Every structure is written in structure tokens, then in C-alpha cells.
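Asks: Quick one, fold the following:
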Amino acid sequence: MKGKQGNKYPRNTVYLFTYLPVYYLSVNVIPFFDLKKQYASIKTEIDAATQRVYASGWFILGPETEAFEKEFAEYIGVQHAVGVNSGTDALHLAIRALGIGPGDQVITVPNTAVATVAAIEMAGATPVLCDVRQDSMTMNADSFAAAITSKTRAVIPVHLFGQSAELDAIIGIARQYKLAVIEDCAQAHGATYQGQRVGSFGDVACFSFYPTKNLGAYGDGGAVLTNEARLADKVKLLRQYGWRARYESEISGVNTRLDELQAALLRVKLQHLSEWNDARRERAGLYTELLPNRRVHPPVEMPYGAHVYHLYVVQCDEAQGASRDYLAAFLKEREIGTAVQYPTPIHLQLAYQSLAPEGALPVAEKLAREILSLPLYPELSLDDVRTVADALREFES
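Replies: All right, here's what the predicted structure looks like:
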């Protein structure tokens with residue numbers, strides 16, 4: 001079957017858009033994602049951790065949170081981790097801890113979760129968007145450099161879909177202009193750059209533990225990581241009303257705490273993260289080996305680091321007649337789940353149209369029209385990967 005759009009598969013009928021980072025479609029023979037299988041594989045450990053917290057009677061900022069912060073900091077390779085309520089709050093608090101606020105600009109990319117930009121605004125700063133690379137789909141260092149003004153205070157490179165941004169170039173430019181570097185690692189738990197885990201390069205790094213992440217909680221959660229004790233201390237103050245002593249606020253803070261139950265569950269999952277990432281890489285490698293790569297192109301793993309494939313994102317070549325919407329419908333008909341992260345660049349969304357006009361960030365806009373995420377998670381069988389690849393070959397025929 002030719003991959004051309006026709007009346008049988010009308011546009012804009014295969015996506016359920018929400019603010020969440022994953023767009024679930026329908027129940028499929030091969031679902032886009034399946035959290036139940038992961039729970040089944042570690043049920044005994046998870047249930048024991050849950051009971052341990054319940055029995056302790058301590059549910060907020062206790063020993064489980066402290067232990068997870070220590071263990072996660074060691075895993076990433078930094079000195080300090082501070083657990084918070086979400087990845088969005090991690091970014092918000094990191095920006096504030098750096099002293100960035102009203103009148104300051106922070107540069108990031110438009111092909112990310114709205115949370116990245118929302119966090120900049122929550123801190124009172126102004127987001128500025130730069131374009132991305134076609135191959136890695138991460139920040140274009142030249143576009144970043146061109147966006148710097150006298151008001152720029154920081155840059156947030158997003159390690160997208162499980163792959164590191166081009167950190168040497170980005171950090172080099174940031175240091176030249178004395179800008180803070182805030183790594184957005186929400187989709188890159190365990191990814192590496194030049195052999196070193198992302199989250200250990202910038203002044204500060206921010207992680208999300210949303211349930212579908214490579215390291216996901218059973219609810220919301222996030223963390224701020226840094227090698228600077230001063231920044232870690234400031235984030236700890238900010239996450240709970242500015243308290244160092246209870247009921248005494250040194251600074252104006254908020255309430256954004258990683259609870260004990262989520263911390264205990266994350267401690268269990270952290271022990272499995274490396275093996276899960278290996279399983280993701282194995283499945284991604286099989287996809288890449290089997291896909292025809294004619295009009296639908298597999299993701300490019302950049303030579304500078306190891307991709308952990310939070311998502312396996314193909315690019316449908318519009319110029320060669322491959323319609324992303326048609327492909328999604330084609331796979332849905334075969335009961336294969338897909339998703340789009342993200343269908344509309346931030347600057348083309350109603351709330352953020354003041355950031356840049358249409359056409360100003362052409363690569364990000366092109367990617368938003370062409371990308372599609374295929375099923376990929378550690379528990380996905382290799383036979384299911386082959387089934388999806390067979391469907392792609394049929395589409396390409």
C-alpha cells in the first residue's frame with residue numbers, strides 16, 4: 001500500500017491531545033505503552049517498598065526521600081539531588097535558585113513539553129526560543145548563539161526522546177557569554193554524552209519522574225541535581241516555603257516536595273534502570289535494523305553519546321510523499337499504537353504565539369509535521385518489534 005494521504009484517513013483524527021507528555025490513542029494489540037507489564041515484573045519489590053512506607057508512618061521528606069536523593073545523585077555522578085513534586089517544578093526552582101527572574105531571558109527549544117517554557121515563566125523570566133537540528137532533533141548551537149541578547153541569563157538544552165543535546169558546543173557558547181546551563185533531562189535518565197551521564201554537565205539539571213519516563217514514579221515527581229552545595233541548599237529552601245526551621249521562612253518559597261512513597265518506589269526502579277535502558281536500546285536497534293529507511297527514517301543516534309530511547313521517533317519524509325498522519329492511521333488500522341511528541345511547536349500554540357512567528361523556527365516546525373513515535377518500552381517483545389517493522393515495510397512498499 002502506498003503511503004499517500006487519502007480520504008480514508010482524514011487528518012487530525014488519530015490524536016488525543018492532552019497536556020501530558022504521552023498521547024494515548026486506543027487499546028491496541030501492540031499498545032504504544034504498557035505500564036502494567038513493568039509493575040508485574042517488579043511487583044514483589046514494589047509492594048514491599050509500599051508496605052515499608054506505610055509501616056513507617058512517615059510520608060513527607062523523610063528517610064526514603066533522603067536515600068533516593070543520595071542514590072540518584074550517585075547514579076548520575078553529581079554531589080547533590082533534591083527531590084521535588086514534578087519535572088516542571090524542578091525547572092522552576094532551578095531557575096529561581098540561579099537568581100533568574102523578571103527582566104531576564106532564558107533560551108530553550110520549541111519542540112519540547114510546554115513545561116520547559118512554563119517553568120521559565122513561573123520564575124518570572126522571559127522564554128526565548130531557538131531552532132533545533134534535523135538529525136538529533138535537539139538544540140542547534142548556532143541558533144542558540146544567534147538568540148543571545150544582553151538580557152540572556154541562561155540556556156536550557158533539552159535532551160529529547162532519550163538523546164543528549166550537543167553539549168560541548170552549547171556549554172562552550174554559554175561560558176563565553178557567562179550564561180547558566182540548566183539541563184532538561186526529563187526524557188534522558190541514564191543517557192550519556194562522551195561517556196558521562198547527562199545531568200552532570202550543567203550548573204544544574206532537572207529530571208521528571210512522570211510514570212512513563214525511563215525512571216518513572218507511580219505519580220508525579222522530579223529532582224534538581226547539581227554539584228554546587230549553594231544551589232542545592234537554595235532549592236531545598238524553595239521547595240518548602242523557604243523553611244530551614246519549621247514555620248520560619250528565610251526566603252519566599254513554595255510547596256513542591258517528593259513524597260516518601262514515590263521516593264521508595266523510585267529507589268526500587270533505580271536498581272533496574274540500567275537493564276531497562278539496555279532493553280530499550282536492544283529494541284531500538286532491532287527497529288533500526290528492520291525498517292526500510294526510504295521515506296520513513298529511523299532516529300539518528302549521534303556519535304557523541306548513548307541514546308536511551310525514551311521514545312523511538314521516526315521522521316516521515318514529506319518531500320517523498322510520506323504522510324505522518326496517514327502512517328499513524330495505517331498502523332492504527334493494524335492495532336498498533338503510536339503517538340506524537342509534540343504535535344505543535346510551542347511558538348505555534350495559542351498561549352505562546354508571542355514568542356516567535358510561524359516560519360521563524362523552520363526545522364522544529366518541519367519535525368512537528370513529520371515525527372511519529374512507535375511502541376517502545378523494556379517489556380515490548382522482540383516479536384512485537386518485528387510485527388511493527390513488518391507494518392512499516394508494508395507502508396513503504
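
Asks: name the helices or strands packed onto the strand or helix carrying residue 81?
Replies: Applying DSSP states H and E as the criterion places residue 81 in strand 80-84. For strand 80-84, the packing partners by 3 or more Cβ pairs under 8 Å, 6 or more residues apart in numbering; DSSP states H and E come out as helix 63-76, helix 87-97, strand 222-226, helix 229-239. No exception for glycine: its C-beta is placed from N, CA and C like everyone else's.

Asks: Which among these is found nearest to residue 112?
Replies: Using Cβ to Cβ as the criterion, the shortest distance between residue 112 and the helices and strands packed on strand 80-84 is 10.6 Å, found for helix 87-97.

Asks: Now do the closest one, average pLDDT.
Replies: Across helix 87-97, pLDDT averages out at 98.

Asks: ditto for stretch 208-217
Replies: On average, stretch 208-217 scores 98.

Asks: Start and end of that stretch, how far apart?
Replies: 9 Å (Cα to Cα, to the nearest Å).

Asks: how far does it sit from the chain's center?
Replies: Offset of stretch 208-217 from its chain centre (Cα atoms, centre = their mean, to the nearest Å): 9 Å.

Asks: re earlier: show residues contacting the strand holding residue 81.
Replies: For strand 80-84, contacts defined as Cβ atoms under 8 Å, 6 or more residues apart in numbering pick out 65, 68-70, 72-73, 90, 93, 221-229, 231-232, 235-236, 239, 256-258, 263.

Asks: can you check stretch 166-180 too?
Replies: Identification of contacts with stretch 166-180 by Cβ under 8 Å, 6+ apart yields 98, 100, 133, 136, 138-139, 141, 144-145, 148, 152-155, 157, 181, 193-194, 198, 201-204, 302, 304.

Asks: you'd agree residue 108 is up against residue 184?
Replies: Yes - between residue 108 and residue 184 a contact is recorded at 7.4 Å, counting by Cβ atoms under 8 Å.

Asks: Looking at the two, which one has more neighbours?
Replies: residue 184 (31 against 25; other Cβ atoms under 10 Å).

Asks: Who does that one form a beta bridge with?
Replies: residue 158, residue 206 (DSSP bridges).

Asks: quick one, what contacts it?
Replies: Each residue near residue 184 by Cβ under 8 Å, 6+ apart is listed here: 87, 91, 108, 112, 116, 156, 157, 158, 159, 205, 206.

Asks: Nearest to residue 214 among the residues you listed?
Replies: Nearest to residue 214 among those is residue 159, at 11.2 Å by Cβ to Cβ.

Asks: so what's residue 387 up against?
Replies: By Cβ under 8 Å, 6+ apart, the neighbours of residue 387 are 30, 336.

Asks: In terms of helices and strands, where is it?
Replies: Per DSSP H and E: residue 387 is located in helix 382-396.

Asks: Pull the distance from that helix to the chain's centre.
Replies: With Cα atoms, centre = their mean, you get 26 Å for helix 382-396.

Asks: Please apply the same query to stretch 34-53.
Replies: Offset of stretch 34-53 from its chain centre (Cα atoms, centre = their mean): 23 Å.

Asks: For this protein, which segments count as helices?
Replies: Listed in chain order, the helices of the chain (DSSP state H) span 35-41, 43-56, 63-76, 87-97, 114-122, 141-147, 167-176, 229-239, 260-270, 273-290, 324-333, 362-370, 382-396.

Asks: Go through the longest one and flag the buried ones.
Replies: This points to helix 273-290. Across helix 273-290, burial judged by 16 or more other Cβ atoms under 10 Å covers 273, 276, 277, 279, 280, 281, 283, 284, 287, 288, 290.

Asks: average pLDDT across stretch 166-176?
Replies: 98.

Asks: Restricting to C-alpha, output it in PDB.
Replies: Provided in PDB are the C-alpha atoms of stretch 166-176 (Å, rounded to 0.1, in the frame of the first residue of the first chain):
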ATOM      1  CA  GLU A 166      25.300  18.700  21.600                       C
ATOM      2  CA  LEU A 167      26.700  19.800  25.000                       C
ATOM      3  CA  ASP A 168      30.300  20.800  24.100                       C
ATOM      4  CA  ALA A 169      29.100  23.400  21.600                       C
ATOM      5  CA  ILE A 170      26.200  24.600  23.800                       C
ATOM      6  CA  ILE A 171      28.200  24.900  27.000                       C
ATOM      7  CA  GLY A 172      31.100  26.500  25.200                       C
ATOM      8  CA  ILE A 173      28.800  29.300  23.900                       C
ATOM      9  CA  ALA A 174      27.200  29.600  27.400                       C
ATOM     10  CA  ARG A 175      30.500  30.000  29.100                       C
ATOM     11  CA  GLN A 176      31.600  32.600  26.500                       C
END
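
Asks: thinking again about what came up before, filter the contacts of stretch 166-180 to the buried ones?
Replies: Buried members of these, counted by 16+ other Cβ under 10 Å: 98, 100, 133, 136, 138-139, 141, 144-145, 148, 152-155, 157, 181, 193, 198, 201-204, 302, 304.

Asks: Which of these fall in strands?
Replies: 152, 153, 154, 155, 181, 193, 204 (DSSP state E).

Asks: pLDDT and distance to residue 383 added to these, as a markdown table?
Replies: Below are these laid out as a markdown table (pLDDT from 0 to 100; distance: Cβ to Cβ, whole Å):
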| residue | pLDDT | distance to residue 383 |
| --- | --- | --- |
| 152 | 99 | 50 |
| 153 | 98 | 50 |
| 154 | 99 | 46 |
| 155 | 99 | 43 |
| 181 | 99 | 42 |
| 193 | 98 | 33 |
| 204 | 98 | 42 |
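
Asks: Nearest residue to the middle of the protein?
Replies: Centroid-nearest residue in the chain, with Cα atoms, centre = their mean: residue 187, separated by 2.7 Å.

Asks: pretty sure that residue is touching residue 309, no?
Replies: No - counting by Cβ under 8 Å, no contact exists between residue 187 and residue 309, whose distance comes to 9.7 Å.
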